[in-house]
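> prediction below, plus the sequence it came from.
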Amino acid sequence: MNSVLLIDDDPVVTCVYEGLFASAGYDVKVAQDGEDGLASVHRWRPDAVLLDLSMPKLNGLQWLQNVRSDRRFEKLPVVVFTAGQVAWQLTAAKNSTATCVISKKSADPAAVVRAVSDAITMGAWRF
């Protein structure tokens, strides 16, 4: 069973996507902020991460830089899932080491699950 870590401070978003990923057969964990997400990725080592950019304690770009600096996580599929309200954040996410960037405003929830699934399949990422 593949696993996915959802890192987002919006409880509605995490509740919806936790249910969608669980229904699709994923083992799902949720982190409510960047620091908790960083600890969770080290402790749990998921197959993929769905990451928000705007979060307390450690934002998504800082989280990505921190995780990518660890060789064990260089190829971890990370799908950035953001409202993209600030243009520089969206540009920075697209230029970062994220596997892909999806807008919360226009994304079909099933497409988000497919994007994470595709990232896992194409990344052949395992410990």
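Thanks, I have the structure now.

> got a list of what the spatially most central residue of the chain touches?
By Cα atoms, centre = their mean, the chain has its centre lying nearest to Leu50, at 1.9 Å. Going by Cβ atoms under 8 Å, 6 or more residues apart in numbering, Leu50 touches Val4, Leu5, Leu6, Ile7, Asp8, Tyr17, Val79, Phe81, Val112, Val116. Placement of C-beta: from N, CA and C, glycine included.

> what is Val49 paired to in the beta sheet?
Bridge pairing for Val49 (DSSP bridges) gives the partners Leu5, Val78.

> same thing with Cys100?
As for beta bridges, Cys100 partners with Val79 under DSSP bridges.

> just the pLDDT at the residue nearest to the centre of the chain, thanks.
On the pLDDT scale, Leu50 is placed at 96.

> so Ser3 versus Ala107, what's the distance?
21 Å (Cβ to Cβ, to the nearest Å).

> give me the more crowded residue out of the two.
Neighbour count, other Cβ atoms under 10 Å: between Ser3 and Ala107, Ser3 has more, with 16 against 13.

> can you report phi and psi for that one?
Recorded main-chain torsions at Ser3 are phi -120, psi 150, according to degrees, to the nearest 10.

> can I assume it is in contact with Pro46?
Yes - here Ser3 lies in contact with Pro46, judged by Cβ atoms under 8 Å, at a distance of 4.3 Å.

> overlap in contacts of those two?
Common neighbours of Ser3 and Pro46 (Cβ under 8 Å, 6+ apart) are Lys29.

> quick one: mean pLDDT for stretch 62-82?
89.
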